[in-house]
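*Asks:* Just a sequence and a predicted model for now, questions to come.
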Amino acid sequence: MKDEKNNPIEFIEIQLQNKDSIIFKSELTNAEGKFILETEKGEYSLLIRQLGVIYHKQKLNVNDDTHIGIIKIAEKKKQLQEVVITSKKKLIERKVDRLIFNVENSISAGGGDVIDALKITPRVKVKNDNISIIGKSGVSVMIDNKIIQLTGDDLLNYLKSISSDNIRNIEIITTPPSKYDAEGNSGILNINLKKAKNNNWALVLRETFKQGKYASNTFGSYFSYQKNKVRLLFDISKQDNNNIYTNSIKYIYPNKKWENEIYNKTNSKNYSSLINFDYMITKKTNISLQYLGNFNNPLTTEDNSTKIFDNSLIETNQLISVGSNNKKIKNQSISFNFITRLDTIGKTFSFDVDYFRYNSNKKNIFKTEKTNFISSQILNELINNYNDQSIENFSSKFDLDIPNNFLNLSFGSKFSFTKTKNYLEGTFYNIISGEQQLNFNQFDDFTYKENIQSFYLSSNKKLNHKWEMQAGLRVEFTQNKSISFSINDETKREYYKIFPTLYITYQANENNKFSINYSRRINRPSYSNLNPAKWYLNSNSYEEGNPFLQPSFSDNLEFSHIYKELLSTTISLSNTNNGFGQLTIHDEINNIQKFIRQNYYNSLFLGLDESVNFNVSKCWESVLNYSLYYSQSKTSSEILESNYSGWSSDFSAINNFKFGKKISAQFIYEYSFPRKYVESTFSDYHNLNLGVKYSSLNKKFILSLNLNNILKSDRVLMSSKSSNIFQSFYQYYDTQFFRLSIVYKFGSELKKIEKRELSNQDEKNRIN
């Protein structure tokens with residue numbers, strides 16, 4: 001409360017009135033003219049009173065912490081004559097279990113799409129159109145608290161169809177509460193959209209042309225409709241992608257050296273669809289049905305050449321392989337959701353049933369010519385690999401939220417049932433005088449079943465206007481069984497684990513807010529990592545899974561501080577036990593490289609993340625990010641050293657410019673210093689991206705041009721030692737390209753159609 005000279009006014013009475021016109025809360029402003037009223041969620045009236053006279057009254061819809069803003073009073077004859085209210089949310093806010101970025105207050109987000117907004121969101125990294133949270137191994141994206149069941153280009157194109165002008169805020173959840181699955185060291189991005197209007201429809205058409213080494217294109221359409229109790233959403237897309245992958249591999253043995261060059265070209269034809277239907281049974285009860293289908297048929301041509309040298313660098317052997325890899329992938333899911341509000345203060349009950357089925361049919365054929373320059377011998381081989389995989393999951397869950405004056409409670413449960421089947425067959429021929437002669441063959445029939453039952457309880461308490469606490473506990477019971485024909489083994493395992501979470505926030509003053517949180521997480525192996533069958537990459541190397549692979553567990557501690565709306569600081573500590581990954585076994589005598597999976601390390605990670613978000617001018621917004629981290633690992637594998645450690649850091653600068661209402665530009669530069677991860681060392685790399693966007697026809701027509709990896713410097717050299725044998729991999733993923741996209745919107749503006757958090761999201765993430 002301030003007077004016309006901008007001085008604070010003390011002892012003004014502030015009151016809250018309920019729907020029954022009963023005043024139940026009252027507070028006087030302090031010497032700074034400030035006041036705080038604590039209440040439950042709901043609709044109220046705010047009254048400003050002095051000497052028994054009401055001078056101002058306004059409606060309030062309280063769903064969260066509400067900032068009224070500055071109330072200015074022009075005083076005459078000691079009575080209130082005029083009330084002017086100005087309110088603006090902070091750009092960055094800290095809640096007890098998440099960070100909130102108010103997109104609507106950012107000058108550069110307007111006129112763009114969700115991807116544009118994510119690029120300037122604190123702690124979020126968008127690199128080569130892949131979305132991640134700094135310091136996390138994965139991320140789930142939600143719209144209005146509902147998980148989006150899309151990945152890769154499908155997710156990217158869907159998010160690009162939503163205007164950033166329709167975003168209210170973005171929540172960055174680095175430590176998911178107990179309500180969510182304990183799987184993975186991942187975070188959640190929850191994008192809250194502005195409220196939709198009734199009798200609303202929108203049609204969005206999008207076309208994208210991308211030119212890297214080869215040309216690619218994508219066409220998609222998005223249709224949403226909302227009238228009375230019905231909401232519909234359709235999103236379909238067709239992609240014809242062409243890209244390359246190269247890898248320069250070196251193996252240095254005591255008596256020889258290998259140089260391997262890989263060049264793959266992939267054409268991928270992908271069709272995807274999303275259908276969402278919502279129906280409001282009553283004002284308090286809603287049901288939803290969602291279908292997601294993805295059909296992909298990538299075809300890869302593979303060129304692989306290997307040269308072998310002796311210690312005098314004289315070439316002794318050469319291997320040249322030419323092959324093709326043909327996949328047919330079908331991924332379909334259907335989900336049902338029921339949610340009802342049990343009263344007017346926020347008590348809700350929700351129930352979900354989800355089913356998905358994944359099918360992958362893969363066939364790999366390649367011919368290899370082996371030349372021995374010493375003996376002048378040439379041997380030709382043919383290898384056929386075939387793999388048929390199916391994954392089915394059925395899950396259900398319920399959640400109950402019970403808010404009250406003393407303590408907010410949430411509890412629920414989830415039941416998940418997964419079954420995978422893998423059939424693999426490999427046939428090896430020697431080609432003599434142009435005829436195929438069977439050398440040997442192998443096959444395996446692998447089945448894996450996993451059931452998980454989980455229960456959680458979470459509580460939240462706001463102690464006063466400075467302190468808030470939230471605590472949760474999740475218990476997961478797991479039973480799994482694997483059967484492999486090739487190793488004639490059946491493996492069973494049962495276990496239960498407890499996953500606590502704790503959050504504490506402290507509002508020191510208007511400019512400084514501190515928070516600390518703790519969580520325990522589990523990382524289960526992907527289904528393919530459990531399959532012991534051999535999959536040959538070429539005639540001299542193969543990979544295999546491990547049915548005895550165990551999950552890893554991590555304890556995570558995070559401390560953060562926000563200063564005003566400018567600076568966000570986070571210090572994180574993560575301790576991982578029983579970590580698993582890929583190891584290389586070298587058979588120097590038979591010239592074989594074997595890639596296996598094992599639990600072999602414990603690791604400690606310490607990180608510092610700084611994010612600065614500021615406006616240089618009215619048309620220039622800048623976001624600077626810097627990360628410094630230290631990692632230390634102890635291994636139990638005999639082929640590795642026992643200890644590894646090292647420091648590293650990352651830096652990025654994102655600059656957004658607006659030239660009038662129609663043209664905007666973006667300049668992004670990233671640099672990553674060399675780093676160490678367990679036994680692997682990664683070289684430094686940097687990346688420069690430029691983007692320009694033009695909009696017209698009241699933002700219905702949007703034309704975008706992006707130049708990615710302009711300097712072609714986004715390549716990483718990874719090296720390590722296994723059994724004291726040096727190995728290095730220099731990979732390139734066709735990240736230098738330009739992309740031209742056109743978006744046209746019909747009808748009314750794109751509005752809010754909710755997506756649901758599917759109860760089997762954790763299981764779907766483990767497919768690949």
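*Replies:* It's in.

*Asks:* Could you use CA atoms for every contact and neighbour count after this?
*Replies:* OK.

*Asks:* what's the domain layout of this structure?
*Replies:* Listed by the TED database, the domain ranges of the chain are 1-85, 200-749.

*Asks:* Looking at the ones you listed, spot the one closest to Y158.
*Replies:* domain 200-749 (7.6 Å; CA to CA).

*Asks:* chain center to that closest one: distance?
*Replies:* Centroid separation for domain 200-749 versus its chain: 8 Å, with CA atoms, centre = their mean, to the nearest Å.

*Asks:* that older thread, which one of the domains of the chain has the lowest average pLDDT?
*Replies:* Ranked by mean pLDDT, those end with domain 1-85 at the bottom, a mean of 71.

*Asks:* rewinding a little: tell me the most buried of the domains of the chain?
*Replies:* domain 200-749 (a mean of 18; mean count of other CA atoms under 10 Å).

*Asks:* tell me the contacts of the closest residue to L28 other than its chain neighbours?
*Replies:* Nearest non-adjacent residue to L28, counting by CA to CA, 6 or more residues apart in numbering: E13, 4.6 Å away. The contact partners of E13, taken as CA atoms under 8 Å, 6 or more residues apart in numbering, are S26, E27, L28, T29, I48, R49, Q50.

*Asks:* In JSON lines, list the domains of the chain along with distance to L155.
*Replies:* As requested, the domains of the chain are exported to JSON lines (distance: least, CA to CA, whole Å):
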{"stretch": "domain 1-85", "distance to L155": "29"}
{"stretch": "domain 200-749", "distance to L155": "10"}
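
*Asks:* Ok, which of those comes nearest K125?
*Replies:* domain 200-749 (9.2 Å).

*Asks:* all helices of the protein, in order?
*Replies:* For the chain, the helices defined by DSSP state H occupy 114-119, 152-160, 761-765.

*Asks:* mean pLDDT lowest for which of these?
*Replies:* helix 761-765 (a mean of 57).

*Asks:* Quickly note the distance from I191 to D278.
*Replies:* 19 Å (CA to CA, to the nearest Å).

*Asks:* repeat for K658
*Replies:* Taking CA to CA, one finds K658 at 38 Å from D278.

*Asks:* cool, I14 as well?
*Replies:* For I14, the distance to D278 - CA to CA - is 41 Å.

*Asks:* same check, this time on I287
*Replies:* Taking CA to CA, one finds I287 at 6 Å from D278.

*Asks:* Also N294?
*Replies:* From N294 to D278 the distance is 22 Å (CA to CA).

*Asks:* try F295
*Replies:* 25 Å.

*Asks:* K462 now?
*Replies:* 34 Å.

*Asks:* on that earlier part again, beta partners of the residue nearest to L28?
*Replies:* L28, R49 (DSSP bridges).

*Asks:* Over to K2?
*Replies:* P8, K72.

*Asks:* Which parts of the stretch 451-600 of the chain are strands?
*Replies:* 467-484, 489-507, 512-523, 534-538, 541-544, 552-563, 567-587, 592-617 (DSSP state E, counting those that start in this stretch).
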